[in-house]
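Engineer: Need coordinates for the below:
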Amino acid sequence: MNARPRTSNSRRGAAVVVVVLILMAMQLVAVLVLGASAHESDQATRRIITTRAFFAAEAGATIAARNMRQGLDAPKSGTVLKLSGSTITFVGLPPGVKSGSVLVDGSADSATRRVRIDLDTEVR
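Structural biologist: Take a look at the predicted model:
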């Protein structure tokens, strides 16, 4: 009789099982790497949005401070300026004086940042 030895079939079956296990492990690693990179991407997006909000608030505070130093009318509290993708809200401004605290909120998407600048522009 031409019977094959059982060890040959069992080796082939074991090889298939090992290959399947290796492929499953590689797939698991790929899924974990993709999940980590998606998380990093979300964090980077949040940092960018937060930075935009900060720069909007800083720009608003700079506008108010410049106007006050030059004797121009500063934006009134509650004034809102819309920029491309950002919003500036003047929260607190000293009324009619050249010194005091300027408080401005900047927002971009879901992030909001507040900037406070203390001014003392009176000549001594």
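
Engineer: residues in contact with Ala53?
Structural biologist: 86, 106-108, 111-113 (C-beta atoms under 8 Å, 6 or more residues apart in numbering). C-betas here are computed from N, CA, C, even on glycine.

Engineer: just Ala65 next, same as before
Structural biologist: Ala65 makes contact with 102, 117, 119, according to C-beta under 8 Å, 6+ apart.

Engineer: Point out where this protein drops to low pLDDT.
Structural biologist: When the per-residue scores of the chain are filtered using pLDDT under 70, the ranges that remain are 1-9, 95-98, 121-124.

Engineer: thinking again about what came up before, neighbour-wise, which one of the contacts of Ala65 leads?
Structural biologist: Highest neighbour count within the contacts of Ala65: Val102, with 24 neighbours (other C-beta atoms under 10 Å).

Engineer: surely it meets Arg66?
Structural biologist: No. With the criterion set as C-beta atoms under 8 Å, Val102 and Arg66 do not qualify as a contacting pair; they are 10.3 Å apart.

Engineer: Perfect, that will be all.
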